[in-house]
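S.K.: Give me a 3D structure for the following:
(one chain, ligands or ions: 2)
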Amino acid sequence: MAHSCVLLKHGEVVLKGRNRGRFEELLQRNLRKALEGLEGEVRIRTGHSVTVLTGSVPVERMVERVRRVPGFSVIQPAIAVAKDPETVAEAAVDLLRDRAPATGGFAVRAKRRDKSFPLRSSDLAALVGARIQRELGLPVDLTSPSVEVAVEVDRDAVHLSVERLPGQGGLPVGASGRAMVLLSGGYDSPVAAHRAMRRGLRCDFVHFTGAPYTGPSSAYKAYALVRELTRYQPDARLHIVPIGTAQRSLATAGAGRLQVMAQRRLMVRVAGELARRVGARALVTGDSLGQVASQTLSNIATVDEASPLPVLRPLLGWDKTEIMEEAARIGTADISRLPDEDCCRLLTPPRVATGTTPGQFVRLENRLDVEHTVEELLDRAQVMRPGRDERESVETARAGAVA
Ligand code: ATP
Ligand code: MG
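M.R.: Ligands and ions are numbered 1, 2, ... in the order given. Reported below is the predicted structural model:
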């Protein structure tokens, strides 16, 4: 009766005391969403901070999906066997037979979540260990084994596994509320979004294009990025806002070296209103302190002063190389790498003022009539829902990328 399954260990949810019920519910809902569309049947069973997936879908396919779901700390492809010590020992031998390490020894780690099981964990481990030693001739090494056999006694079965894959960790998406991510086509903001999701923020997105003065390439990239990121949360809205005309107006109003920061202030105002409409209570950006001229401490303060909502900057202390590596790991780097026409490079003066203060923007923003401009931009905003798709997201982006 042995059959394959996947064990998902719940991460920080376990620590959440009174809120635990709500967290568990979100985790299960996100999990079901992540498994949607797989060919075949998946059964989900949960108890004692572990979720077990079984069914006709191949284990690798299930693992691929659940590795992207925040809230699960460890993922173990496993086999489930009947709750009888002899059967367990035999199954452990079978499991290790194909995977016996060429050098080094093995260890058995047993855990008993079902306390009614007749053997204590240590006795079960000893029994299984002795059998492996005898039948496969492998040495025991409890301090630095080459392979570890996990034996976990649950209510319906005993689960055996030799592989522990890292899950996303963090909190279930939605547990911390909602946020609006300012998404450019670069490397940083998608990584920031992923960090926000991992801390339980359900994210929607806004991307500003230089239209009508630039082509659609950056919007294609934003679309592809959001689609890639919806592997970590069930779905998301993407707002596309053409800001080119407003950029021109700022330039005409004499923004000069304040141009880039004036654009940023405009962006957070528009993003703040879009956020309010979807019930988001914070903005998220990909800023990293001091990375470029627009991200000095004074310029960060200048942006915050214009923002109607708190601006979260998950990458504040990250180096560019760390961000690039993470982008590769989460799957957004190949999209970010594609060329585009970034609205921020349109009309920008060669040098950006690094030490701005909010006061410097009062006259400029009055001349522009900033409230009216924000209204106009909101009127032009388009909403999309980049869905999950089996096609590579990078293909979508490439289709619209400039040559
Ligand atoms: P990124 O790699 O995310 O583009 P960056 O290093 O290029 O960041 P900036 O261009 O200074 O840095 O942008 C800082 C942040 O401002 C971005 O991470 C993003 O959150 C936001 N932002 C910049 N341009 C846009 C845009 N066109 N649309 C939406 N948000 C933007
Ligand atoms: Mg950028």
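
S.K.: right, is the helix or strand containing residue 383 up against ligand 1?
M.R.: Secondary structure assignment for residue 383, by DSSP states H and E: strand 382-384. No: against ligand 1, strand 382-384 shows no contacts by Cβ under 6 Å from any ligand atom, the least distance being 13.6 Å. Heads up, the C-betas are built off the backbone N, CA and C, glycines and all.

S.K.: Give the burial count for the residue lying closest to residue 39 once chain neighbours are set aside, as a bare number.
M.R.: For residue 39, ignoring the flanking residues on the chain, the nearest one in space by Cβ to Cβ, 6 or more residues apart in numbering is residue 57 at 7.0 Å. Neighbour count for residue 57, taken as other Cβ atoms under 10 Å: 18.

S.K.: ditto for residue 17
M.R.: Using other Cβ under 10 Å, the number of residues around residue 17 comes to 7.

S.K.: Can you list the strands that the strand holding residue 383 pairs with?
M.R.: Sheet pairing of strand 382-384 (DSSP bridges) gives strand 238-242 (antiparallel).

S.K.: Remind me what the helix or strand just after the strand it pairs with packs against, helices and strands.
M.R.: Following strand 238-242 in sequence order, the next helix or strand is helix 244-252 (DSSP H and E). Helices and strands touching helix 244-252, as assessed by 3 or more Cβ pairs under 8 Å, 6 or more residues apart in numbering; DSSP states H and E, comprise helix 259-278, helix 362-368, helix 370-380.

S.K.: is it possible to export these to a markdown table including mean pLDDT, distance to residue 317 and mean neighbour count?
M.R.: Putting the helices and strands packed on helix 244-252 into a markdown table (pLDDT from 0 to 100; distance: least, Cβ to Cβ, whole Å; neighbours: other Cβ atoms under 10 Å) gives the following:
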| stretch | mean pLDDT | distance to residue 317 | mean neighbour count |
| --- | --- | --- | --- |
| helix 259-278 | 97 | 20 | 22 |
| helix 362-368 | 95 | 31 | 15 |
| helix 370-380 | 97 | 31 | 15 |
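
S.K.: which ones are touching the nearest residue in space to residue 351 that is not next to it in sequence?
M.R.: Once flanking residues are discounted, residue 351 sits nearest to residue 257: 6.3 Å by Cβ to Cβ, 6+ apart. Contacts for residue 257 (Cβ atoms under 8 Å, 6 or more residues apart in numbering) come out as 349, 351-353.

S.K.: Now residue 257: phi and psi?
M.R.: Phi and psi for residue 257, reported as degrees, to the nearest 10, are phi -70, psi -10.

S.K.: For residue 294, see how far away it is.
M.R.: Applying Cβ to Cβ, to the nearest Å, the value for residue 257 to residue 294 is 11 Å.

S.K.: Could I get the contacting residues of the nearest residue to residue 295 once chain neighbours are set aside?
M.R.: The shortest distance from residue 295 to any non-neighbouring residue, by Cβ to Cβ, 6+ apart, is to residue 287 (4.8 Å). Residues in contact with residue 287 (Cβ under 8 Å, 6+ apart) are 188, 295, 300, 313, 315-316.

S.K.: What distance do you get for the closest residue to residue 188 other than its chain neighbours to ligand 2?
M.R.: Using Cβ to Cβ, 6+ apart and skipping the chain neighbours, the partner closest in space to residue 188 is residue 286 (3.0 Å). Separation of residue 286 from ligand 2 (Cβ to the ion, to the nearest Å) stands at 7 Å.

S.K.: Tell me the secondary structure at residue 286.
M.R.: coil (DSSP: H, G, I helix; E, B strand; the rest coil).

S.K.: Run a quick neighbour tally on it.
M.R.: Residue 286, neighbours per other Cβ under 10 Å, totals 25.

S.K.: for the helices and strands packed on helix 244-252, which one sits closest to ligand 2?
M.R.: helix 259-278 (10.9 Å; Cβ to the ion).

S.K.: Identify the residue of the stretch 51-200 of the chain closest to ligand 1, quick one.
M.R.: residue 186 (2.3 Å; Cβ to the nearest ligand atom).
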